[in-house]
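Any chance you could fold what I've pasted below:
(2 chains)
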Amino acid sequence: MHTFAPDDLQALWLTLKLAATTTCLLLLIATPLAWWLAYSNKWYKGLLAAVVALPLVIPPTVLGFYLLLLMGPHGLIGEMTARLALGRLPFTFAGLVVGSVLFSMPFAVQPIQNAFESIGCRPLEVAATLRAGAWDRFFSVALPLARPGFLTAIILAFAHTVGEFGVVLMLGGNIPGETRVLSVAIYNHVEAMEYDAAQWLAGGMVLFSFLVLLSLYLAGGKLWKGAR
Amino acid sequence: MNGIGARFKMQLDNFSLDAAFNAPATGVTALFGPSGSGKTTLLRCIAGLEHASGLLQVNGEIWQDNAIFLPVHKRPIGYVFQEASLFTHLSVRANLQYGLKRTPVTERKVPLGQVVEWLSLGPLIERRDPAKLSGGERQRVAIARALLTSPRILLMDEPLSALDNNSRQEILPYLERLHRELKIPVFYVTHAMDEVARLADHLLLLEKGRVIASGKPGELLARLDLPTVHFDDAGAVIEAAVAQHDEAYHLTRLNFNGGSLWVSKLAQSFGAQIRVRVLARDVSIATQQPQGSSISNILAARILEICDEGSDKVNVKMSIGDAQMLLSRITRRSRDLLGLKVGMDVFAQLKSVALMT
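Got it, this is the predicted structure:
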């Protein structure tokens, strides 16, 4: 029986922590953003939609590189965090979270936005005529009706963060317990010709991803039927 | 001040609304006009779903003026959309309770059981999935849901137009019942003349975003200068009361201000109010009292107005007694052969009478 080295277990734990934190933050950020993109008709809506979608097309290393510059000692964000006595973000877990949130943003925003768009204005108008104020309408009508969109967003954001490599490497490096996530650990093993250890981590990651997706889809199917 | 007064102005891409009207505080006010005339937009303005500039006061309460714009959820309205738009994530009962729960207890006037009974929702209320209801059932639930907020004004946007004819016939009696039971004003958008004739107590005619006429349907529908007269099913509305039942011939006599009509025997008892509609194309004119005619409804009338209808026909407006108007559509040739002139006393022969109950 293969046993994982403590370093590898630490990387696994860090990866899960990163993915979970990122997914939670993304839900908080992507929901209002998706709402605005779905219902606004301002001229700069397209502009914002394009910026949100940018991580889909630019290489992760490019995104990581610019974030590194921005968060570094001479970057805008770097100066700000220094002034707020938060220290510097690069090569910290918090820095990784910021990078992951930006990198996975389109995977969270777009499914939620599509869900809101497919609901349309009518159910919200109906709710308004039934005395529901704006927040009430959001929580009692929009949110439950958009549930499949949220489910997709959670799955995609989580999975995408687990699999992230380029941004992490540029921004976080390879600090055990702080920024060394699974994908970096696998890279290290391969670099050191430890194919066996890499194999176990990589295989485990495949299996884990599959199980997460499977359980979410199965639960999703049940939730669906329950909602009907 | 009692009643509803409004003035709305709104500019959209290819449409401008510039509508002003006063409507009574009771009964059904029909908003009638061709599609694109702004009926629905006007209704949405009353609800606050459209943010037009202007004024709106309901029974002396300002809902909108230059400084105030009451948001939709603060207006005591009930709104029935063209499609029932039930919440698909909620059961039928939860749909009904959605607005009820959000209405302060002190403002609740209609109990759930009452509305369920009015709209015969008993068998439907425990259904879990509103998407599985028929079109007519869904619309009934939607109407009940709106009523349960105890609205002070009910707004209905073509509630029957998305339904097939069977479902329409299924719902109409409920609407008439609400018409009788509810003491609140109803605004009813429609482009169907028969719904106007059947339900409306007050009529607002719209054309290109403007209110071109406002008044009693009996008066407006008999006017020759309004577009309604050109409808294929143009005709007059008569408010009558059951006066006599003839058991032998199975007929009922209806009395109205100016005369009486024989119709097939009705179930309603003596004195019941009946609204009848006489289509212009079903009324012919004779200059002398016809003898040996099989037509049983022949009324003495005076010609008030004659107008061309297309190239071959004319519309003739007649009065029966002092107040009742009647329309007749005859050929131009008949007009000339009979020498019909304004002011002439004639006899109107009613080939058929449509009962609006």
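
what about the residue nearest to B:Ala131 when sequence neighbours are not counted, is that helix, strand or coil?
Among residues not flanking B:Ala131 along the chain, B:Thr88 sits closest, at 5.5 Å (Cβ to Cβ, 6 or more residues apart in numbering or on different chains). Glycine gets a C-beta too; all of them are placed from N, C-alpha and C. On the three-state scheme (DSSP: H, G, I helix; E, B strand; the rest coil), B:Thr88 is labelled coil.

what about B:Thr88, how many neighbours?
Using other Cβ atoms under 10 Å in any protein chain shown, B:Thr88 has 15 neighbouring residues.

Stretch B:115-130 near chain A anywhere?
Yes - against chain A, stretch B:115-130 shows contacts by Cβ under 8 Å from any Cβ of the partner chain at B:128-129.

that older thread, how about the contacts made by the residue nearest to B:Ala131?
Each residue near B:Thr88 by Cβ atoms under 8 Å, 6 or more residues apart in numbering or on different chains is listed here: A:145, A:228, B:129-131.

quick check, nearest of those residues to B:Ser328?
Nearest to B:Ser328 among those: B:Pro130, at 47.5 Å, using Cβ to Cβ.

can you tell me which residues contact the spatially closest residue to the closest one that is not a sequence neighbour?
Nearest residue to B:Pro130 in three dimensions, chain neighbours excluded: B:Leu86, at 4.0 Å (Cβ to Cβ, 6+ apart). B:Leu86 makes contact with B:92, B:95, B:130-131, B:133, B:138, B:141-142, B:145 under the criterion Cβ under 8 Å, 6+ apart.

try B:Val237
B:197, B:217-218, B:221, B:275-277, B:356.

Give me the buried entries from those.
By neighbour count, with 16 or more other Cβ atoms under 10 Å in any protein chain shown, the contacts of B:Val237 hold B:197, B:217-218, B:221, B:275-277, B:356 as buried.

what's the closest of those to A:Ala11?
Distance to A:Ala11 across those (Cβ to Cβ) is lowest for B:Ala197, with 78.1 Å.

Not counting sequence-adjacent ones, nearest residue to that closest one?
Spatial nearest neighbour of B:Ala197, chain neighbours left out: B:Arg277 (4.5 Å); criterion: Cβ to Cβ, 6+ apart.

likewise B:Leu355?
What sits nearest to B:Leu355 in space, not counting adjacent residues and going by Cβ to Cβ, 6+ apart, is B:Val276, at 5.6 Å.

The one you found in helix, strand or coil?
Put simply, B:Val276 is strand when judged by three-state DSSP.

I'd assumed B:Gly259 was in contact with it.
No - counting by Cβ atoms under 8 Å, B:Val276 stays clear of B:Gly259, with 11.9 Å between them.

per-residue pLDDT, B:Pro76?
Looking at B:Pro76, its pLDDT reads 94.

Please report how far A:Val167 lies from chain B.
A:Val167 is 37 Å from chain B, where distance means Cβ to the nearest Cβ, to the nearest Å.

My guess is that residue contacts A:Tyr66. True?
No - counting by Cβ under 8 Å, A:Val167 does not reach A:Tyr66; the two are 10.2 Å apart.

pLDDT below threshold where in the chain?
Unless you meant another one, I'm taking chain A. A:1-2, A:216, A:220-228 (pLDDT under 70).

actually it's chain B I care about, not the one you picked
Low-confidence segments of chain B (pLDDT under 70): B:1, B:357.

one more time with 50, if that's ok
Low-confidence segments of chain B (pLDDT under 50): none present.

Determine the set of other helices and strands touching the longest helix along it.
The single longest helix within chain B, with elements called by DSSP state H, is helix B:165-181. Helix B:165-181 sits against helix B:112-118, helix B:135-147, helix B:193-199, with contacts defined as 3 or more Cβ pairs under 8 Å, 6 or more residues apart in numbering or on different chains; DSSP states H and E.

Please state the backbone phi and psi of the residue nearest to B:Pro130?
When quoted as degrees, to the nearest 10, the phi and psi of B:Leu86 stand at phi -70, psi 150.

From B:Leu133, how far off is it?
Separation of B:Leu86 from B:Leu133 (Cβ to Cβ, to the nearest Å): 8 Å.

Spit out the residues that contact these two alike.
Jointly contacting B:Leu86 and B:Leu133 under the rule Cβ under 8 Å, 6+ apart are B:92, B:141.

list the contacts for B:Glu195?
Contact analysis of B:Glu195 by Cβ under 8 Å, 6+ apart lists B:30, B:160, B:172, B:188.

let's see it at 10 Å
B:28, B:30, B:32, B:158-161, B:168, B:172, B:175, B:188-189, B:356 (Cβ atoms under 10 Å, 6 or more residues apart in numbering or on different chains).

partners of the residue of the stretch 151-300 of chain B found nearest chain A in the sheet?
The nearest approach of the stretch 151-300 of chain B to chain A comes at B:Leu155, 8.1 Å away (Cβ to the nearest Cβ). B:Leu155 has these beta-bridge partners by DSSP bridges: B:Tyr79, B:Phe187.

Double-check it against B:Pro76; I have them as touching.
No - using Cβ atoms under 10 Å, B:Leu155 and B:Pro76 do not qualify as a contacting pair, with a distance of 11.2 Å.

Is it correct that the residue nearest to B:Ala197 is in contact with B:Val353?
Yes - using Cβ under 10 Å, B:Arg277 is in contact with B:Val353, at 7.7 Å.

Overlap in contacts, these two.
Taking Cβ under 10 Å, 6+ apart as the criterion, B:Arg277 and B:Val353 both touch B:Ile238.

Pop the domain breakdown of chain B in here.
B:4-215, B:235-355 (automatic domain parsing).

what residues are up against A:Ser118?
A:Ser118 neighbours (Cβ under 10 Å, 6+ apart): A:38, A:145-146, A:148-149.

Could you verify that it is part of a helix?
Yes - A:Ser118 forms part of a helix when assessed by three-state DSSP.

tell me the contacts of the closest residue to A:Asp7 other than its chain neighbours?
Counting by Cβ to Cβ, 6+ apart, A:Asp7 lies nearest to A:Pro176, which is 6.0 Å off, once chain neighbours are set aside. Counting by Cβ under 10 Å, 6+ apart, A:Pro176 makes contact with A:6-7, A:10-11, A:14, A:184-185, A:188.

Mind checking which of those residues land in helices?
If you go by DSSP H, the contacts of A:Pro176 have A:6-7, A:10-11, A:14, A:184-185, A:188 in helices.

Quick one: buried ones out of these?
For the ones in helices among the contacts of A:Pro176, a neighbour count by 16+ other Cβ under 10 Å gives the buried set as A:10-11, A:14, A:184-185, A:188.

now those as CSV including distance to chain B?
Below are those laid out as CSV (distance: Cβ to the nearest Cβ, whole Å):
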residue, distance to chain B
A:Gln10, 42
A:Ala11, 41
A:Leu14, 38
A:Val184, 42
A:Ala185, 43
A:Asn188, 48
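
now, which of those residues sits nearest A:Ala34?
Set against A:Ala34, the nearest of those by Cβ to Cβ is A:Leu14 (28.4 Å).

and residue 181, what is it in contact with?
Just going to use chain A. Residues in contact with A:Val181, defined by Cβ under 10 Å, 6+ apart, are A:10-19, A:93, A:96, A:100, A:161-165, A:168-169, A:172, A:174.

my bad, chain B
B:Glu181 neighbours (Cβ under 10 Å, 6+ apart): B:110, B:114, B:118, B:147.

measure the third one to chain A for me?
So that's B:Trp118. Separation of B:Trp118 from chain A (Cβ to the nearest Cβ) stands at 18 Å.

tally of neighbours for that residue?
Look at B:Trp118: counted by other Cβ under 10 Å, it has 18 neighbours.

Taking the stretch 101-250 of chain B, what residue is nearest to chain A?
Proximity of the stretch 101-250 of chain B to chain A (Cβ to the nearest Cβ) peaks at B:Arg102, 3.8 Å away.

isn't that residue right up against B:Lys74?
No - using Cβ under 10 Å, B:Arg102 is not in contact with B:Lys74; the gap is 11.2 Å.
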